[in-house]
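Participant: Based on what follows, work out the 3D shape:
(2 chains)
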Amino acid sequence: MTQESTKPVSPTLELRPSGEDSFVLIAKGTWTINQQRPSLKETLSDVDDLPAGSSLTIDTTKSQRYDSSLTSLLLRVARTAADKDLKLDYKTDTDSGIAKLIDLALSVPLSKDDGHHETENDFFSRVGEATIELYDNLLDSVTFIGEAIFSMIRFATGRARFRSTDLWLTIQNCGAEALPIVTLISFLIGTILAFVGKAQLDAFGASIYVADLVAIAMVREMGCVMTGIIMSGRTGAAFAAQIGSMKVTQEVDALRTFGFNPFDYLVLPRMIALIVMMPLLTIYANLVGIVGGLLVSWASGIQPLAYINETISVLNLTQLSLGVIKSVFFGIVIAGAGCLRGLQSGNSSSAVGTAATRAVVTSITMIIVIDSFFAVVFTIFDI
Amino acid sequence: MSEHTPQISVRDLTMAYGSNVVMRDLNFDIERGEIFAIIGGSGCGKSTLLRHMIGLKEPAKGDILYEGESFNASSSKQREALMRRFGVLYQSSALWSSLTLAENIAMPLEEHTKLTKDTIADIVSYKLSLVGLAGFQEYYPSEISGGMKKRAALARAMALDPEILFFDEPSAGLDPVTSKRLDELIVQISESMKTTVILVTHELPSLLSIATNSIFLDVSTKTQAAVGDPKELKEHCKIPQVREFLNRGQDVEAPSHSLSS
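Facilitator: The predicted model follows:
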């Protein structure tokens, strides 16, 4: 490596015979990563074709400057040489840096395990793998539900140990702090229902029944489902991320070794908080939705008092309780999915992200499934 | 032979993740009051061995006995009681991030003792002073540096005056002075309270100065290469990898008289 910093000369690599069974590989020019490297396919395949047992000298005396651009190439040559039993020699100017770097790179042999474990990729093995994953997942979920029930029993009998401040903080977080977004969404849902309903009902001259439509839709379905979806995205994902990152930093392990049951400490307060807060948020969402419907109707000429009277006449306690009952189950599912996915999370930051995503997907799916289940049950019992 | 049961004995322990065996047939004893080091190259399963010893992972085969009692076969109640005698310092400190340092240290005390609030506050302040963090009670883990977290985690590990302290790379990422201080602290604790210390470490100076016994795990054979005092192993071990490791990669002459491992 010479230090005359003249203008960069484009690099070349040349393979020449230098006697019987001996060859020399000459690198000329400036070999830096800023410099375009010439296409070396031919020269390299020439090196590949050298007869086994011949000797190869690498001559870098004519190159002006080099960095990884050249050394990476020579390492490849050196690996080929080792494979084919070539005698490798270096001819360098002042320092033997390049030879040392390559020796260092070769000092640990190539790992035979390239990290890509062979996976069968045909249809049957993929179905098989998916089935095994599904089974594992199911097993995890069942174990989780079992532990949750035991934990609840411990709580009910006063034997569960967790920090009460954790519970209050979670209640604050998934209750009071969720009010703004719940207000906005349910208000808008109320107005949308009123707009759509009114356009249709006007055709029959039955505009006042907009009140019935908004009230029934909010109280039975939209209030609890929308709150559930908001809470999945807001709180379920947060639960999964919190517990997942606690796993990454070994905080969950630390709980265990200090004799705390991670389930009681992490899952129970979150579950209780959502079981308590979901019905309250749902009642609130129902109310805000009806107010939204009222404002839209008022703007299009229905007297608020008439609207309120109509709303009160159509609602009864049974109607009102349906959404609230469902919301309790939604709360269990959201907290359960969040905590389960968090506890299942792997030990890396990307695994925490995946856990949060899976928590949201699981809980929203479960909310819709439970909702349709209740729809069937309510229809059968004619409620 | 006297009827002597070591505090911890590991018998034929094989560790595996699924079908991937990490180490097989480990056999060694740890006596009360020893500073026992688990050493070996990166990725050889040192931390995994530690996780087995504190009961966070089940062995694929074999057993770990605490005072002659099998840890893995014991009921969950016995196991919990046993784990209460452990203190663990995790590699990533693992302080509970939603709690202040004081609350972190107080939490095990509140859970497992019937001490009054005042006494607990005194113990917290004493433990924090021991690790050089006097006055940091109200800080959250996110507000202090990595080295301070490590020390705070040590204070927490010592909260219940455990009989056995486990350290997973205690001095990784610490400056030499702090690391030295930590070593002195470990020796102090071990001497004054007869605490058994088990540590996973790469730090040669600290290893050679404080450890009284050690096990060397060999990643290439997946078995234990040697057991003994690291200072002795450094000079006299008959296995070249062990000498090379303890002499910082320098090749050393084979010893004239070999110690049996």
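Participant: and the longest helix belonging to chain A, what's its mean pLDDT?
Facilitator: Looking across chain A with DSSP state H, the single longest helix is helix A:123-156. Helix A:123-156 comes out with an average pLDDT of 91.
Participant: Is there proximity between it and chain B?
Facilitator: No. Helix A:123-156 lies out of reach of chain B by Cβ under 8 Å from any Cβ of the partner chain, never closer than 12.1 Å. (Each C-beta comes from the backbone N, C-alpha and C, glycine too.)
Participant: That helix: which residues count as buried?
Facilitator: A:144, A:147-148, A:151-152, A:154-155 (16 or more other Cβ atoms under 10 Å in any protein chain shown).
Participant: Kindly reformat these as TSV containing distance to B:Ala106.
Facilitator: As requested, the buried residues of helix A:123-156 are exported to TSV (distance: Cβ to Cβ, whole Å):
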residue	distance to B:Ala106
A:Phe144	30
A:Glu147	27
A:Ala148	28
A:Ser151	24
A:Met152	27
A:Arg154	23
A:Phe155	23
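Participant: out of these, who's nearest B:Ala159?
Facilitator: A:Arg154 (24.4 Å; Cβ to Cβ).
Participant: Could you report the pLDDT at B:Ser261?
Facilitator: Looking at B:Ser261, the pLDDT reads 41.
Participant: Low-confidence stretches in the stretch 101-250 of chain B?
Facilitator: Where the stretch 101-250 of chain B drops to pLDDT under 70, the residues are B:249-250.
Participant: And the residue of it that's closest to chain A?
Facilitator: Going by Cβ to the nearest Cβ, chain A is nearest to B:Pro108 of the stretch 101-250 of chain B, at 4.6 Å.
Participant: what number of residues lie near that residue?
Facilitator: 22 (other Cβ atoms under 10 Å in any protein chain shown).
Participant: element containing it?
Facilitator: helix B:101-112 (DSSP states H and E).
Participant: Show me what that helix is packed up against.
Facilitator: Helix B:101-112 is packed against helix B:117-130, helix B:146-157, with contacts defined by 3 or more Cβ pairs under 8 Å, 6 or more residues apart in numbering or on different chains; DSSP states H and E.
Participant: which helix in chain B runs the most residues?
Facilitator: helix B:176-193.
Participant: roughly how far is the longest helix of chain A from the heart of the chain?
Facilitator: Centre-to-centre, helix A:123-156 and its host chain are 19 Å apart (Cα atoms, centre = their mean, to the nearest Å).
Participant: which residues touch the residue in chain B that chain A sits nearest to?
Facilitator: As assessed by Cβ to the nearest Cβ, chain A sits closest to B:Ala94 within chain B, at 3.9 Å. By Cβ atoms under 8 Å, 6 or more residues apart in numbering or on different chains, the residues touching B:Ala94 are A:249-251, A:253-254, B:153.
Participant: circling back: give me every residue in contact with the very next helix or strand once past the longest helix of chain B, excluding its own residues.
Facilitator: Note on helix B:176-193: by DSSP H and E, the next helix or strand toward the C-terminus is strand B:196-200. Contact partners of strand B:196-200, identified using Cβ under 8 Å, 6+ apart, comprise B:7-8, B:30-39, B:46-47, B:49-50, B:53, B:163-170, B:186, B:189-190, B:211.
Participant: got it, and stretch B:21-29?
Facilitator: B:6, B:8-16, B:44-45, B:48-49, B:60-62, B:215, B:217, B:222-224, B:227.
Participant: quick check: mean pLDDT across that stretch?
Facilitator: 88.
Participant: thinking in terms of the whole chain, how far from its middle is it?
Facilitator: Per Cα atoms, centre = their mean, the centroid offset for stretch B:21-29 relative to its chain is 17 Å.
Participant: just to revisit the earlier point, quick check: the residue of the stretch 101-250 of chain B closest to chain A touching A:Thr257?
Facilitator: No. Under the criterion of Cβ atoms under 8 Å, B:Pro108 makes no contact with A:Thr257, lying 9.6 Å away.
Participant: what's the longest helix of chain A packed up against?
Facilitator: Checked by 3+ Cβ pairs under 8 Å, 6+ apart, helix A:123-156 has helix A:268-299, helix A:317-344 packed alongside it.
Participant: Tell me which helix or strand comes right after the first one.
Facilitator: What it means is helix A:268-299. Next along from helix A:268-299, by DSSP H and E: helix A:304-314.
Participant: before we move on, back to that, what's the most distant pair in the contacts of B:Ala94?
Facilitator: A:Asp253 and B:Ala153 (12.0 Å).
Participant: More neighbours: which of these two?
Facilitator: B:Ala153 (28 against 19).
Participant: What sits closest to that one if chain neighbours are left out?
Facilitator: Distances taken as Cβ to Cβ, 6 or more residues apart in numbering or on different chains place B:Ser93 nearest to B:Ala153, at 4.1 Å, with adjacent residues excluded.
Participant: tell me the contacts of that neighbour?
Facilitator: B:Ser93 neighbours (Cβ under 8 Å, 6+ apart): A:249, B:141, B:146, B:149-150, B:152-153.
Participant: possible to save those residues as TSV with distance to A:Val127?
Facilitator: Shown next, in TSV, are the contacts of B:Ser93 (distance: Cβ to Cβ, whole Å):
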residue	distance to A:Val127
A:Thr249	37
B:Pro141	46
B:Gly146	47
B:Lys149	47
B:Lys150	48
B:Ala152	50
B:Ala153	46
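Participant: and the closest residue to B:Ala225 other than its chain neighbours, how many neighbours?
Facilitator: Distance criterion Cβ to Cβ, 6+ apart; nearest residue to B:Ala225, sequence neighbours excluded, is B:Asp218 at 3.9 Å. Each residue near B:Asp218 was counted by other Cβ under 10 Å, and the total is 18.
Participant: Make sure B:Asp218 is actually in contact with B:Gly40.
Facilitator: Yes. Judged on Cβ under 8 Å, B:Asp218 makes contact with B:Gly40 at a distance of 6.7 Å.
Participant: which residues are in contact with both of these two?
Facilitator: Shared contacts of B:Asp218 and B:Gly40, counting by Cβ under 8 Å, 6+ apart, come down to B:Ala225.
Participant: Backbone dihedrals for B:Gly87, both of them.
Facilitator: Per-residue torsions, B:Gly87: phi -130, psi 140 (degrees, to the nearest 10).
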